[in-house]
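Asks: Below: sequence and its predicted model.
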Amino acid sequence: MSAPAANANTNPNSVSFPAPRVTLPLGIPVLQTYSGAFICLEILFGGLVWILVASSNVPVPLLQGWVMFVSLTMFVCSCLYLSVYLCGLADRVDTDWNMVDFVYHFIAFVFYFGASLLEAATTSAAVEPGSFNATRLGQATFITFLDFRQYSINVVATIFSFVVTACYACSLTLALRRWKL
């Protein structure tokens with residue numbers, strides 16, 4: 001007779017994954033960290049950008065459509081990302097959450113920076129309220145009329161869009177520090 005195997009339950013074909021690497025606290029204590037505070041600010045100001053651009057009736061849909069897409073998408077993604085930490089789901093999913101944090105905030109920063117530039121271009125096209133912006137593309141000319149209300153809303157949306165971009169930049173810096181520990 002042969003001797004029994006040392007560990008009969010071990011399957012040589014199984015793959016073992018490393019334990020999830022989470023350096024942010026789970027639950028309500030995540031809100032007491034700088035990263036949690038920045039995510040809350042991203043949600044707050046990102047939602048404000050979304051509301052402001054939508055309330056201006058999107059006078060330049062070609063440019064402001066991207067701003068709306070980015071602000072709405074990042075608002076939803078930031079809410080989902082924060083809820084993963086608040087509900088403690090980061091412990092149950094085996095992945096490197098520090099890398100996920102870095103990649104998410106890098107993509108969000110790049111997208112929001114581009115959206116901020118487009119929103120600033122839309123606002124700066126109206127040199128004075130009540131004037132119009134004529135954009136020539138090939139043989140077509142697009143004319144956009146901005147009244148004082150739309151101009152004022154776009155100015156505020158531009159400011160808050162750059163504030164959200166700065167929040168994502170701070171979150172990106174903190175995520176890079178955590179990821180490269």
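Replies: Arrived safely, thanks for sending. Residues are numbered from 1 along each chain as shown.
Asks: Enumerate every residue touching the residue nearest to residue 99 when sequence neighbours are not counted.
Replies: In space, and not counting its chain neighbours, residue 99 is closest to residue 179: 5.5 Å by C-beta to C-beta, 6 or more residues apart in numbering. Glycine gets a C-beta too; all of them are placed from N, C-alpha and C. Taking C-beta atoms under 8 Å, 6 or more residues apart in numbering as the contact definition, residue 179 lies against 96, 98, 99, 101, 102.
Asks: Now find how far off-centre whatever helix or strand the last one lives in is within its chain.
Replies: Counting by DSSP states H and E, the secondary-structure element that holds residue 102 is helix 97-125. Here the centre of helix 97-125 is set off from its chain's centre by 7 Å, with C-alpha atoms, centre = their mean, to the nearest Å.
Asks: With stretch 166-181 instead?
Replies: Taking the mean of its C-alpha atoms, stretch 166-181 sits 13 Å from the chain's own mean (C-alpha atoms, centre = their mean).
Asks: CA atoms of it as CSV?
Replies: Provided in CSV are the C-alpha atoms of stretch 166-181 (Å, rounded to 0.1, in the frame of the first residue of the first chain):
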residue,chain,number,x,y,z
ALA,A,166,-8.7,69.7,-9.4
CYS,A,167,-10.5,67.3,-7.0
TYR,A,168,-9.9,64.4,-9.4
ALA,A,169,-6.2,65.5,-9.6
CYS,A,170,-5.9,65.4,-5.8
SER,A,171,-7.6,62.0,-5.7
LEU,A,172,-5.2,60.8,-8.4
THR,A,173,-2.2,61.9,-6.4
LEU,A,174,-3.5,60.2,-3.3
ALA,A,175,-4.2,57.0,-5.2
LEU,A,176,-0.7,57.0,-6.8
ARG,A,177,0.8,57.3,-3.3
ARG,A,178,-1.3,54.4,-2.0
TRP,A,179,-0.7,52.2,-5.1
LYS,A,180,3.1,52.7,-5.0
LEU,A,181,3.5,51.9,-1.2
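Asks: Show me which residues of the biggest helix by length in the chain are buried.
Replies: Counting residues, the longest helix in the chain under DSSP state H turns out to be helix 148-179. By 16 or more other C-beta atoms under 10 Å, the buried positions in helix 148-179 come out as 150-151, 153-172, 174-175, 178-179.
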